[in-house]
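Colleague: Need the 3D shape of this:
(2 chains)
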2 protein chains.
Amino acid sequence: MHFSVSQLKTYCRRVMEAHGVDADCAETVADMLLDAELTGVATHGVSRLPIYMERVDKGLVARRSCVTVTRESPSAVAIDAGNSLGAVGARFAMELCVRKARQTGCCFASVKNSNHFGAAAYYTRMAAREGMIGFCCTNLTAKIAPYGAAEPFMGTDPISVAAPSCGDPIVLDMTPSVVALGKLILAQKLGKDIPLGWALDKDGKPTTDPAAGRAGSLIPIGGAKGSGLALMVEVLSGVLSGAGTATHLHDLYAFDAPQGVGHFLGAIDVSHFLDAETFRTGVYAMASEVKALKKAEGVEEILLPGERAAKSAAEKTAAGVDVPDAVCAELAALGEAYGLKLTGD
Amino acid sequence: MHFSVSQLKTYCRRVMEAHGVDADCAETVADMLLDAELTGVATHGVSRLPIYMERVDKGLVARRSCVTVTRESPSAVAIDAGNSLGAVGARFAMELCVRKARQTGCCFASVKNSNHFGAAAYYTRMAAREGMIGFCCTNLTAKIAPYGAAEPFMGTDPISVAAPSCGDPIVLDMTPSVVALGKLILAQKLGKDIPLGWALDKDGKPTTDPAAGRAGSLIPIGGAKGSGLALMVEVLSGVLSGAGTATHLHDLYAFDAPQGVGHFLGAIDVSHFLDAETFRTGVYAMASEVKALKKAEGVEEILLPGERAAKSAAEKTAAGVDVPDAVCAELAALGEAYGLKLTGD
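Modeller: You can find the predicted model right below:
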């Protein structure tokens, strides 16, 4: 089905409100989901609304904002999200960091007792729009094996950094594993092998069997390097926030307990270091130089981090969003009991 | 030759002073070089003193600290290192960040007009010793090809993050390339092929020939992921500082101009987020859990980032440092004209 942005966003908001989510929280989550759709990250878009609502309906996630600031300094904030929807605590944190960074030069926030917050780039782009470098990471249930280990310890913890430019911002958003778990799930569905180097089986041996990999662990990029990066995300999101590290968290798709996820976000106001215009021009010049480099064999265009997302957003904001029928059926089911009808173009 | 730490450090300091470097700068650089020796990073240890002194002698690096603060906010500092020895500007920056982070929660500093500063972990461990999370990165001349490109654009830019613990701090220090350039140089010396996946030749094709790789570019870890990380280091160290990105810098081993390198460093005071003791205990618990994981086949011990360095430092602080004869010959030559004699145990 095809939707205009406002059609789809309004439907998501109304569904959440029908399920008892308060208006502000529903607006925040709908905005985050649509941002993922626009930027081409459909895995973190409206397809996640059903699981979010299932958790809300089961009482595993708060229906309103229960966010509180537990410690506050000029450039540091500790936040307890009080089991609010993930986007609610994370957006609150980034907005506060941006305000405080404007005064002091930078500010970072830890968030505990939170939930799945969608795509990390949503939060770093908020900072970039304000002329700041944004940083965001979160932990998730354990899926990646540390270098040398045969079992998972770190989550597929995303790391996002965004920098403003005269053109589109540069937005990195990456997990420290070679591939996301979704690639194993897809290969298994298609009955295909996976390349060596993606996953280990439950005994810690490299495997080409996607089912064995799902029962085992994902391999970090660059061996000890990606492993170390993921451990540092656990330190920032899990230890500094007080949320706990990945093995102590609860899965989005399990209904045993609140997820208890932790985030770490921050903003660095470039205008405290040099003239903001000089910075944006410098990032743009760097991007232009990269795009003009000689291309590797078979490469049509060198893409910067976030470039594809920005192009996608520009196109889809104008042309609207396509949502697969299977996802539409789930979305429609969420509204039916409340008399809400999913209507596209 | 074998040296006690103080023997070797004193010799390095005296050599620098003999070459006209002022006492404070000589002490800083000697401390940084010995730290690299102790932590087992001999590539960044005393073997670099000859090139540092050659640059000083040629007037390409300042003999005293020319560091100035050009902008200062409560949590942000812009520094012009004035072509001081790399360690001088970077250490000044981290010390200032630590002092300011104690007040505000965190502080970051950009540094421009700087030089090769040694191992990034030297600076992040300074923060960890003060109970803070340390961050440090720098850019260097272009060696890594962006994902999709056939020529180098980013330096082998190290990223270091350190976190304090009840035990040894966790200290990540990594370059975003699959291997350091040194591995290609070594393979070439030994007449060996390199594995596919380390380097591209000058046409951007994967190569097993180390000479072709040196003439081409290094491959980032995780494809677009490591490429994006390295680009973000260029944004932080090169654009935010005003130093310029990698292709605009000058090489440590070329004598055409000052290097003009940029750094980005910072400290996050954990006690502004939660009780410092809770944080240190949490990091220690995480480390203990990682070490107790089931090991992958053939692995004797799971090592945390910085663990080998900490063990090495504890051993060598007591037992002293071995320096290869070829390096000793170069060090001895540096002192001879000034009547300084290199003496070990």
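Colleague: Can you show me the strands along the stretch 51-200 of chain A?
Modeller: Assigned strands in the stretch 51-200 of chain A, in chain order: A:68-73, A:76-80, A:106-114, A:132-138, A:142-144, A:154-155, A:159-163, A:170-174, A:199-200 (criterion: DSSP state E, counting those that start in this stretch).
Colleague: Give the other helices and strands that the third one contacts.
Modeller: Just to be clear, that refers to strand A:106-114. When contacts are defined as 3 or more CB pairs under 8 Å, 6 or more residues apart in numbering or on different chains; DSSP states H and E, strand A:106-114 sits against strand A:76-80, helix A:86-104, strand A:261-269, strand B:106-114. For glycine as for every other residue, the C-beta is placed from the backbone atoms N, C-alpha and C.
Colleague: How about the fifth one?
Modeller: Packing partners of strand A:142-144 (3+ CB pairs under 8 Å, 6+ apart): strand A:154-155, strand A:217-218, helix A:224-233.
Colleague: who touches the residue nearest to the spatial centre of chain A in this structure?
Modeller: In chain A, the C-alpha closest to the average C-alpha coordinate belongs to residue A:119, at a distance of 2.0 Å (CA atoms, centre = their mean). With contacts taken as CB atoms under 8 Å, 6 or more residues apart in numbering or on different chains, residue A:119 has the following neighbours: A:32, A:35-36, A:39, A:41, A:44, A:158, A:160, A:173.
Colleague: go with 7 Å
Modeller: A:36, A:41, A:44, A:173 (CB atoms under 7 Å, 6 or more residues apart in numbering or on different chains).
Colleague: Over to residue A:296?
Modeller: Counting by CB under 7 Å, 6+ apart, residue A:296 has contacts B:148-150, B:200, B:204.
Colleague: Confidence-wise, which helix or strand of chain A is lowest on average?
Modeller: Sorting the helices and strands of chain A by mean pLDDT, DSSP states H and E puts helix A:181-190 at the bottom, at a mean of 90.
Colleague: Can you give the distance of it from its chain's centre?
Modeller: Here helix A:181-190 is found 20 Å from its chain centre; the criterion is CA atoms, centre = their mean, to the nearest Å.
Colleague: Ok, stretch A:160-169 next?
Modeller: Relative to its chain's centre, stretch A:160-169 lies at 17 Å (CA atoms, centre = their mean).
Colleague: Tell me how many other residues surround residue A:36.
Modeller: Residues near residue A:36, counting by other CB atoms under 10 Å in any protein chain shown, number 21.
Colleague: my guess is it meets residue A:44, correct?
Modeller: Yes - checked against CB atoms under 7 Å, the pair residue A:36 and residue A:44 is within contact range at 4.2 Å.
Colleague: Report the set of residues contacting both of those two.
Modeller: By the contact definition CB under 7 Å, 6+ apart, residue A:36 and residue A:44 are jointly contacted by A:118-119.
Colleague: Can you give the contact residues for stretch A:308-319?
Modeller: Under the criterion CB under 7 Å, 6+ apart, residues A:5, A:38-40, A:121, A:168, A:171 lie in contact with stretch A:308-319.
Colleague: typo on my end, it should be stretch A:77-87
Modeller: Residues contacting stretch A:77-87 (CB under 7 Å, 6+ apart): A:25, A:28-29, A:32, A:52, A:61-62, A:65-71, A:89, A:92-93, A:96, A:107, A:109-118, A:258, A:261, B:273-274.
Colleague: Pull out the buried members of these.
Modeller: For the contacts of stretch A:77-87, a burial check counting by 16 or more other CB atoms under 10 Å in any protein chain shown picks out A:25, A:28-29, A:32, A:52, A:61-62, A:65-67, A:71, A:89, A:92-93, A:96, A:107, A:109-118, A:258, A:261, B:273-274.
Colleague: tell me the contacts of the closest residue in space to residue A:159 that isn't next to it in sequence?
Modeller: Spatial nearest neighbour of residue A:159, chain neighbours left out: residue A:137 (4.9 Å); criterion: CB to CB, 6 or more residues apart in numbering or on different chains. Residues near residue A:137 by CB under 7 Å, 6+ apart: A:120, A:157-159, A:233, A:236-237, A:264.
Colleague: what bridges to residue A:137?
Modeller: Beta bridges link residue A:137 to residue A:159, residue A:264, judged by DSSP bridges.
Colleague: Against residue A:310, how distant is it?
Modeller: 21 Å (CB to CB, to the nearest Å).
Colleague: again with residue A:189
Modeller: Taken as CB to CB, the span from residue A:189 to residue A:310 is 31 Å.
Colleague: These two: which has the busier surroundings?
Modeller: Between residue A:189 and residue A:310, counted using other CB under 10 Å, the more crowded position is residue A:310 (19 against 9).
Colleague: The helix or strand containing the more buried one to strand A:170-174, inter-axis angle?
Modeller: Of the helices and strands defined by DSSP states H and E, residue A:310 is found in helix A:307-319. Angle of helix A:307-319 versus strand A:170-174, following axes from the mean of the first three to the mean of the last three CA atoms, to 10 degrees, is 110 degrees.
Colleague: Could you list the buried residues of helix A:307-319?
Modeller: The neighbour-count check on helix A:307-319 (16+ other CB under 10 Å) flags A:307, A:309-310, A:312-313, A:316 as buried.
Colleague: Any chance of JSON lines for the residues you listed, columns pLDDT?
Modeller: Shown next, in JSON lines, are the buried residues of helix A:307-319 (pLDDT from 0 to 100):
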{"residue": "A:307", "pLDDT": "98"}
{"residue": "A:309", "pLDDT": "97"}
{"residue": "A:310", "pLDDT": "97"}
{"residue": "A:312", "pLDDT": "98"}
{"residue": "A:313", "pLDDT": "98"}
{"residue": "A:316", "pLDDT": "97"}
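Colleague: which one among the residues you listed gets closest to chain B?
Modeller: residue A:307 (10.6 Å; CB to the nearest CB).
Colleague: In contact with the closest residue in space to the closest one that isn't next to it in sequence, which residues?
Modeller: In space, and not counting its chain neighbours, residue A:307 is closest to residue A:168: 6.6 Å by CB to CB, 6+ apart. Contact analysis of residue A:168 by CB under 7 Å, 6+ apart lists A:306-307, A:310.
Colleague: What residues does the stretch 51-200 of chain A have near chain B?
Modeller: Selection of the stretch 51-200 of chain A residues close to chain B by CB under 7 Å from any CB of the partner chain yields A:71, A:73-76, A:78, A:104-106, A:108, A:110, A:146, A:148-151, A:153, A:161, A:163, A:170, A:172, A:174, A:178, A:200.
Colleague: Weed out the non-buried ones from those residues.
Modeller: The neighbour-count criterion (16+ other CB under 10 Å) marks A:71, A:73-76, A:78, A:104-106, A:108, A:110, A:146, A:148-151, A:153, A:161, A:163, A:170, A:172, A:174, A:178, A:200 among those as buried.
Colleague: Let me see the residues that make contact with the host helix or strand of residue A:334.
Modeller: Assigning secondary structure by DSSP H and E places residue A:334 in helix A:325-336. Here helix A:325-336 makes contact (CB under 7 Å, 6+ apart) with A:1, A:11, A:15, A:18, A:46-47, A:49-50, A:53, A:341-342.
Colleague: can we see that at 8 Å?
Modeller: Residues outside helix A:325-336 that contact it (CB under 8 Å, 6+ apart) are A:1, A:11-12, A:14-15, A:18-19, A:46-47, A:49-50, A:53, A:323, A:340-342, A:344.
Colleague: out of the residues you listed, which are inside helices?
Modeller: Of those, the ones assigned to helices by DSSP state H are A:11-12, A:14-15, A:18, A:49-50, A:53.
Colleague: which of these has the most neighbours?
Modeller: Counting neighbours by other CB under 10 Å, residue A:12 comes out on top of those with 28 neighbours.
Colleague: For that residue, which residues are in contact?
Modeller: Each residue near residue A:12 by CB under 8 Å, 6+ apart is listed here: A:26, A:29-30, A:33-34, A:46, A:49, A:331.
Colleague: can we see that at 10 Å?
Modeller: Going by CB atoms under 10 Å, 6 or more residues apart in numbering or on different chains, residue A:12 touches A:26-27, A:29-34, A:37, A:45-46, A:49, A:52-53, A:331, A:334-335, A:342.
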